[in-house]
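Novice: for reference, the sequence and a predicted model appear below.
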Amino acid sequence: MLLSFTDIYDGRAFTNFWCTYIFIIYGTCFLSKTMCYEGNYIDGLMVHKENIKSLLFAKYYIYSAMLIFPLILIIPTVIVGKNSILMLLSVMFFTFGPVYSLLLTIGIFNKQTIPLNEKFIGKTGIENNYMQIILQLAAFSIPIIILTLLQIVFNNNTAYLIFMLIGLVFVFTHRLWINSIYKSMMKKRYENLAGFRASK
């Protein structure tokens, strides 16, 4: 409502920030904890070699599909003429492209089990995972920086099309980078298993 019907957040910097934030925050809340909840039943997941790979693909598809909700929430800004539908789509594709790639990479470094009855907003202990913090900050800042730089060099529509193209490259190659994440997780599996078991 504030974005649509007030001028508090008008201007390129605020527009870029809020438009990317509304999409990225959704995945960050859940994908940054990839493997933390699964640490409770990690031994069961390890029984079959491909279980974790299937889990990564499932998470990617589910959270990509759920981006329809932030898209619907921010549509009023298009109706009142503050954002273009091209901008929203470009940010959405960039989110489930490079951003989700970064967020799923956090699963390689997560080895702290979160109890299944833990409150979502409770202190989980994974705040000490510095790699997670760095990748989360990168997931928030890189899209805004890239989009702003593209807008400086090109006109807005061209910037949005290039931004979308970058996202689509990652979307169409998602099987490659998810497989790469899976292989990296398997290389660290014994170290991570020890961490999950110790933190139960």
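Specialist: Perfect, thanks for sending it. Keep in mind that what you see is a predicted model, and the values were worked out from it rather than measured. Numbering: from 1, shown residues only.
Novice: for the rest of this, base every contact and every neighbour count on C-alpha atoms.
Specialist: Noted.
Novice: any stretches of the chain with poor pLDDT?
Specialist: Where the chain drops to pLDDT under 70, the residues are 1-12, 36-37, 39-48, 115-129, 192, 196-197, 199-200.
Novice: mind jotting down where the strands sit in it?
Specialist: Using DSSP state E, no strands are assigned anywhere in the chain.
Novice: how near is the residue lying closest to Gln151 once chain neighbours are set aside to Met35?
Specialist: Using Cα to Cα, 6 or more residues apart in numbering and skipping residues adjacent in sequence, the residue nearest Gln151 is Ala159, 5.4 Å away. When distance is defined by Cα to Cα, to the nearest Å, Ala159 is 35 Å away from Met35.
Novice: more crowded one of these two?
Specialist: Just comparing Ala159 and Met35: by other Cα atoms under 10 Å the higher neighbour count belongs to Met35, 26 against 21.
Novice: now do the contacts for the more buried one.
Specialist: Residues near Met35 by Cα atoms under 8 Å, 6 or more residues apart in numbering: Gly107, Asn110, Lys111, Thr113.
Novice: most widely separated two among those residues?
Specialist: Using Cα to Cα, the pair of the contacts of Met35 lying farthest apart is Gly107 and Thr113, separated by 11.8 Å.
Novice: neighbour-wise, which of the contacts of Met35 leads?
Specialist: In the contacts of Met35, the most neighbours by other Cα under 10 Å go to Lys111, 27 neighbours.
Novice: what are the ranges of the helices in this structure?
Specialist: Along the chain, counting by DSSP state H, helices occupy 2-5, 12-31, 42-45, 51-65, 68-79, 85-94, 100-109, 130-153, 156-172, 174-187, 189-198.
Novice: among those, which is the most enclosed?
Specialist: Per-stretch averages of neighbours, counted by mean count of other Cα atoms under 10 Å, single out helix 100-109 among the helices of the chain, with a mean of 23.
Novice: who's in contact with it?
Specialist: Against helix 100-109 from outside (Cα under 8 Å, 6+ apart): 27-28, 31-36, 56, 60, 129, 131-132, 135-136, 138-139, 170, 174, 177-178, 181, 184-185, 188, 192.
Novice: stretch 169-184 too?
Specialist: For stretch 169-184, the external contacting residues (Cα under 8 Å, 6+ apart) are Ile52, Lys53, Leu56, Phe57, Phe93, Phe96, Gly97, Pro98, Ser101, Leu104, Thr105, Ile108.
Novice: the second one and Ile24: what is the separation?
Specialist: As defined by Cα to Cα, Lys53 lies at a distance of 23 Å from Ile24.
Novice: just Trp18 next, same as before
Specialist: Distance, Trp18 to Ile24, using Cα to Cα: 10 Å.
Novice: now Ile72
Specialist: Distance from Ile72 to Ile24, by Cα to Cα: 14 Å.
Novice: contact partners for Gly27?
Specialist: By Cα under 8 Å, 6+ apart, the residues touching Gly27 are Tyr63, Tyr100, Leu103.
Novice: cutoff 10 Å now
Specialist: 33, 59-60, 63-64, 66-67, 95-96, 99-100, 103-104, 139 (Cα atoms under 10 Å, 6 or more residues apart in numbering).
Novice: mind putting these into JSON lines with distance to Ile146?
Specialist: Formatted as JSON lines, the contacts of Gly27 follow (distance: Cα to Cα, whole Å):
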{"residue": "Lys33", "distance to Ile146": "25"}
{"residue": "Lys59", "distance to Ile146": "26"}
{"residue": "Tyr60", "distance to Ile146": "23"}
{"residue": "Tyr63", "distance to Ile146": "23"}
{"residue": "Ser64", "distance to Ile146": "21"}
{"residue": "Met66", "distance to Ile146": "24"}
{"residue": "Leu67", "distance to Ile146": "20"}
{"residue": "Thr95", "distance to Ile146": "13"}
{"residue": "Phe96", "distance to Ile146": "16"}
{"residue": "Val99", "distance to Ile146": "12"}
{"residue": "Tyr100", "distance to Ile146": "16"}
{"residue": "Leu103", "distance to Ile146": "17"}
{"residue": "Leu104", "distance to Ile146": "20"}
{"residue": "Ala139", "distance to Ile146": "12"}
